[in-house]
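J.: what shape does this take:
(one chain, ligands or ions: 1)
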Amino acid sequence: MTAPETGTTTTETDTEALRERALACLTTARARTTLLTTCVDEPDLTAQHSPLMSPLVWDLAHIGNQEELWLLRAVGGREAMRPEIDSLYDAFEHPRAERPSLPLLPPAEARRYAAEVRGRALDLLASADFHGTRLTEAGFAFGMVAQHEQQHDETMLITHQLRKGSQALTAPDPDPAPPFTGPAEVLVPGGPFTMGTSAEPWALDNERPAHPREVAPFWIDTVPVTNAAYQAFIEDGGYTTGRWWDPRGWAHIRRHGITAPLFWQRDGDRWLRRRFGITEPVPPDEPVLHVCWYEADAYARWAGRRLPTEAEWEKAARHDPVTGRSRRYPWGDADPGPEHANLGQRHLRPAPAGSYPAGQSPLGVRQLIGDVWEWTASDFLPYPGFRAFPYKEYSEVFFGSDHKVLRGGSFAVDPVACRGTFRNWDYPVRRQIFSGFRTARSEAV
Ligand SMILES: [Fe+2]
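T.: Predicted coordinates for the structure are as follows:
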């Protein structure tokens, strides 16, 4: 038997505390959305900076439209404010590549619409009782909408990274850290642990339910793979040696001429990278960023290791070997603070490997939360007992072998959308996302 997962704090069952938390999360999200959509001019808002991304002005009105749909209409029972725009902002009706050709709301109108929805949503929040239906229980719909907005804020930050032109965003760098001198890897004991959650009130459908998972003992990197380590792979002919690569990945990098992480370029005997409009030397001690699953998988094979499975990653992040319980976060059950992890776009880059000792897991694994999304070996699949909620298009339509799971969140992710149980997924060729990885090996090897 596994010990039960750690529950939520009692204050979260208190209506006023929930109301305050929902208000704070919605307000934080809107401040970030506003910054991301006011730091560039109007042509930049309506342009498509990459066929992989929407114009920023689409994200802005889509955020408002989803908030209207789930809070004003589904929870509040209101009529549609502008039924004619619903289909424009339905992500499933229009793939990203075709969104610039739609008759989108111009920036001023998109701002006005999103603000009007928000005003009405806050009125609703002021009188919400958080009971009655699964959508309203513990303020779930408000939490879901805040997470949705923050997920688009991450998406918009990716658009900013892909955008050509001068620097539009600034943020302080993370604190420098001395080179990490601890053990390179940590042994995670075998046996069952509780994966997923049934207790976290704002957890999304794919994180549910909590269930026992058996994991064999394995070793995992103490810190994410760094740029310096990744450069050693490149210098050793990593991108020209087929045996390190999954055959589909090998075909992909050859077809597209990929020889380094996205946004990297060679400058004599050193590497430079482009980051939010500036070009700078690649910092050796920072976790590698903008690699696809195939690159992570090839590096791991070259290093004589492998990517951790999703269950291994979560056990390394949540399992407390003393109590047998699964924690909300590696450091315990407290919400993330700046001492625990690099989250919330506080910095626009990962922190040096080995940072945030206060955020390490009971076994001493660091930076599992924040900095870079970590590719895992696993396909995105439902947990036993999964039930789609509140809509199939959130997770269910993505289950299968097309998508690989990423865990832990990046510097671009807000705490409201980051938990030890939170699951992200993407195609194995994607690397415009803030993705890195760490490696693992089975104990017997
Ligand atoms: Fe969305």
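
J.: so for D129, what's the pLDDT?
T.: Here, the pLDDT recorded for D129 equals 85.

J.: around it, how many other residues sit close by?
T.: Using other Cβ atoms under 10 Å, D129 has 10 other residues around it. Every C-beta, even on glycine, is put in place using the N, C-alpha and C of the backbone.

J.: wait, it touches T15, no?
T.: Yes. Between D129 and T15 there is a contact under Cβ atoms under 8 Å: 6.6 Å.

J.: shaky segments in this structure?
T.: Within the chain, the stretches with pLDDT under 70 are 1-13, 445.

J.: now the farthest one out in it, which residue is it?
T.: Centroid-distance maximum for the chain: G268 at 34.0 Å, with Cα atoms, centre = their mean.

J.: please report how far that one lies from Y230.
T.: Distance of G268 to Y230, computed by Cβ to Cβ, to the nearest Å: 19 Å.

J.: coming back round to it: if I look at the residue farthest from the centre of the chain, how far off is A229?
T.: 21 Å.

J.: need the phi and psi values for L36.
T.: Dihedral pair for L36: phi -70, psi -20, per degrees, to the nearest 10.

J.: which non-adjacent residue is nearest it?
T.: Nearest-residue entry for L36: M156, 4.5 Å, with adjacent residues in sequence omitted and distances by Cβ to Cβ, 6 or more residues apart in numbering.

J.: mind giving me the packing neighbours of the helix or strand harbouring that neighbour?
T.: Here M156 sits within helix 140-162, counting by DSSP states H and E. Secondary-structure packing of helix 140-162 (3 or more Cβ pairs under 8 Å, 6 or more residues apart in numbering; DSSP states H and E): helix 15-38, helix 56-67, helix 107-127.

J.: for that helix, buried residues please.
T.: By 16 or more other Cβ atoms under 10 Å, the buried positions in helix 140-162 come out as 140-162.

J.: let me see the contact set for the nearest residue to R270 once chain neighbours are set aside.
T.: Spatial nearest neighbour of R270, excluding adjacent residues (Cβ to Cβ, 6+ apart): P281 at 6.0 Å. Residues near P281 by Cβ atoms under 8 Å, 6 or more residues apart in numbering: 270-273.

J.: any chance of CSV for those residues, columns secondary structure?
T.: Formatted as CSV, the contacts of P281 follow (DSSP: H, G, I helix; E, B strand; the rest coil):
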residue, secondary structure
R270, strand
W271, strand
L272, strand
R273, strand
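
J.: list the buried ones in stretch 52-65?
T.: Buried, per 16+ other Cβ under 10 Å, within stretch 52-65: 53-65.

J.: quick one: the helices in the stretch 301-445 of the chain?
T.: Listed in chain order, the helices of the stretch 301-445 of the chain (DSSP state H, counting those that start in this stretch) span 310-318.

J.: close enough to count as contact, G364 and V186?
T.: Yes. Shown here, G364 and V186 form a contact pair, counting by Cβ under 8 Å, at 5.5 Å.

J.: higher neighbour count, the two?
T.: V186 (19 against 12).

J.: surely the more buried one is within a strand?
T.: Yes. Applying three-state DSSP, one finds V186 inside a strand.

J.: next, count neighbours for the closest residue to S435 other than its chain neighbours.
T.: Among residues not flanking S435 along the chain, W373 sits closest, at 4.7 Å (Cβ to Cβ, 6+ apart). Residues lying near W373 (other Cβ under 10 Å) number 24.

J.: S166 too?
T.: 8.

J.: which SS state does it fall under?
T.: Once three-state DSSP is applied, S166 turns out coil.

J.: what's the answer for A91, then?
T.: Applying three-state DSSP to A91 yields a three-state assignment of coil.

J.: neighbours of it, how many?
T.: So A91, with other Cβ under 10 Å, has 14 neighbours.

J.: hang on, it packs against H62?
T.: Yes. Taking Cβ under 8 Å as the definition, A91 is a contact partner of H62 at 7.0 Å.

J.: for the closest residue in space to L105 that isn't next to it in sequence, give its distance to R254.
T.: Counting by Cβ to Cβ, 6+ apart, A61 is the residue found nearest to L105 once chain neighbours are left out, at 5.0 Å. Noted for A61: a distance of 40 Å to R254, by Cβ to Cβ.

J.: cool, and W245?
T.: 9 Å.

J.: neighbour count for these two, which is higher?
T.: Taking other Cβ under 10 Å, W245 and R254 do not tie; W245 has more neighbours (21 against 13).

J.: OK, contacts around that one?
T.: Neighbour list for W245: 253, 294, 297-298, 301 [criterion: Cβ under 8 Å, 6+ apart].

J.: and it, backbone torsions?
T.: Dihedral angles (degrees, to the nearest 10) for W245: phi -110, psi 140.

J.: what's the answer for the one 5 residues further on, then?
T.: As for W250, its main-chain torsions (degrees, to the nearest 10) stand at phi -60, psi -50.

J.: ditto for T197
T.: Dihedral angles of T197 (phi, psi; degrees, to the nearest 10) stand at phi -140, psi 150.

J.: how near is it to Y427?
T.: In this structure, T197 and Y427 are 26 Å apart, going by Cβ to Cβ.

J.: give me the more crowded residue out of the two.
T.: Neighbours per residue (other Cβ under 10 Å) separate T197 from Y427, with T197 holding more: 26 against 12.

J.: quick check: that one touching Y383?
T.: No. Taking contacts as Cβ under 8 Å, T197 lies outside contact range of Y383: 9.9 Å.

J.: any common contacting residues for these two?
T.: 207-209.

J.: R275 touches W264, doesn't it?
T.: No. R275 is beyond contact range of W264, at 10.5 Å (criterion: Cβ under 8 Å).

J.: more crowded one of these two?
T.: Shown here are R275 and W264; by other Cβ under 10 Å, W264 has more neighbours (21 against 16).

J.: that one bridge partners, please.
T.: For W264, the beta-bridge partners are R273 (DSSP bridges).

J.: so what's it up against?
T.: 271-273, 282, 290.

J.: of all these, which comes closest to P336?
T.: Taking Cβ to Cβ as the measure, P336 sits nearest to H290 out of these, at 23.4 Å.

J.: which one is the closest one nearest to, not counting chain neighbours?
T.: The nearest residue in space to H290 (Cβ to Cβ, 6+ apart) is L262, at 4.0 Å.

J.: for the one you found, give its distance to V225.
T.: With distances taken as Cβ to Cβ, L262 is found 16 Å from V225.
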